[in-house]
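Peer 1: sequence first, predicted model second:
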Amino acid sequence: MEQPGAMRVDDIVTVIIRRLADQQRVVPEYIVRDAVEAALRQRAGDTEPVPAHVAEELITGFCTGVTAVEDDSATMPAVLSGDETGRLMTALGLAVHVAAFNLDRDRLHIAQILNGAAAAMVALGAASRAAHADGTSAVLLSPATLRTARTTVVGVLQGLRDRGWQARHLDQAGTTALFGGVLDMLGAVPPT
């Protein structure tokens, strides 16, 4: 007998994807499904339909930490020099590199890192082209792009420090120093 309010895995995945999208986070469906199914297996095996209280815990858990969309209309863009732009681009590229070597771990976290790095690199590239077209080396970045870059770099550092991600092929101290330096640099940018 099905419990009142029980949900199918497909429905839970749909709700999580919608809530993440409402917060400007795009995660592939298969990543969310894998994470939900893994969480259910750890809890009680493959139980479907999922009891309402368990479904709500999963949805809340996967969407926790997702902040509300901030209004940036009154915030000035940050101005980065050519050197700072290069350092940020290097950190984002290294974030993708580290994430790619850890695809077999934390697929939801990896997807968020890859998505964030891609979005920040696209915005950074567009801003660099605009600066070049204007004949200046000052690259203007929106507060949203800075938040995305910070979140991406912090996510990789968390993966390396707290989630057991592998980066043996890299100089661990140098990689951590690069990410830390970029975070310091982004922290020096006007707050968002």
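Peer 2: The structure has been received and is ready for your questions.
Peer 1: in terms of residue numbering, what are the domains of this protein?
Peer 2: The chain breaks down into these domains under automatic domain parsing: 9-63, 78-188.
Peer 1: would you turn the ones you listed into JSON lines with mean pLDDT and distance to Gln3?
Peer 2: For glycine as for every other residue, the C-beta is placed from the backbone atoms N, C-alpha and C. Shown next, in JSON lines, are the domains of the chain (pLDDT from 0 to 100; distance: least, Cβ to Cβ, whole Å):
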{"stretch": "domain 9-63", "mean pLDDT": "82", "distance to Gln3": "5"}
{"stretch": "domain 78-188", "mean pLDDT": "87", "distance to Gln3": "27"}
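Peer 1: okay if I get the ones you listed as TSV plus mean neighbour count?
Peer 2: Formatted as TSV, the domains of the chain follow (neighbours: other Cβ atoms under 10 Å):
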stretch	mean neighbour count
domain 9-63	16
domain 78-188	17
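Peer 1: surely Val182 and Leu88 touch.
Peer 2: Yes. Val182 lies in contact with Leu88 (Cβ atoms under 8 Å); the separation is 6.0 Å.
Peer 1: what's the overlap in contacts for the two?
Peer 2: Ala149 (Cβ atoms under 8 Å, 6 or more residues apart in numbering).
Peer 1: what separates the spatially most central residue of the chain from Thr175, distance-wise?
Peer 2: When Cα atoms, centre = their mean is applied to the chain, the residue found nearest the centroid is Gln112 (3.5 Å). Distance, Gln112 to Thr175, by Cβ to Cβ, to the nearest Å: 19 Å.
Peer 1: over to Pro51?
Peer 2: For Pro51, the distance to Thr175 - Cβ to Cβ - is 43 Å.
Peer 1: repeat that for Asn102.
Peer 2: 13 Å.
Peer 1: do His132 as well
Peer 2: 29 Å.
Peer 1: and Met7, by the same measure?
Peer 2: In terms of Cβ to Cβ, Met7 sits 41 Å off from Thr175.
Peer 1: now Thr152
Peer 2: On the measure of Cβ to Cβ, Thr152 and Thr175 end up 14 Å apart.
Peer 1: just to revisit the earlier point, go ahead and confirm the residue nearest to the centre of the chain touches Gln24.
Peer 2: No. The pair Gln112 and Gln24 does not pass the contact test of Cβ under 8 Å, sitting 11.6 Å apart.
Peer 1: what is in contact with those two at once?
Peer 2: Counting by Cβ under 8 Å, 6+ apart, nothing touches both Gln112 and Gln24.
Peer 1: what does Leu141 show for phi and psi?
Peer 2: Here is the backbone geometry of Leu141 (degrees, to the nearest 10): phi -120, psi 140.
Peer 1: tell me what it is bridged to.
Peer 2: Ala78 (DSSP bridges).
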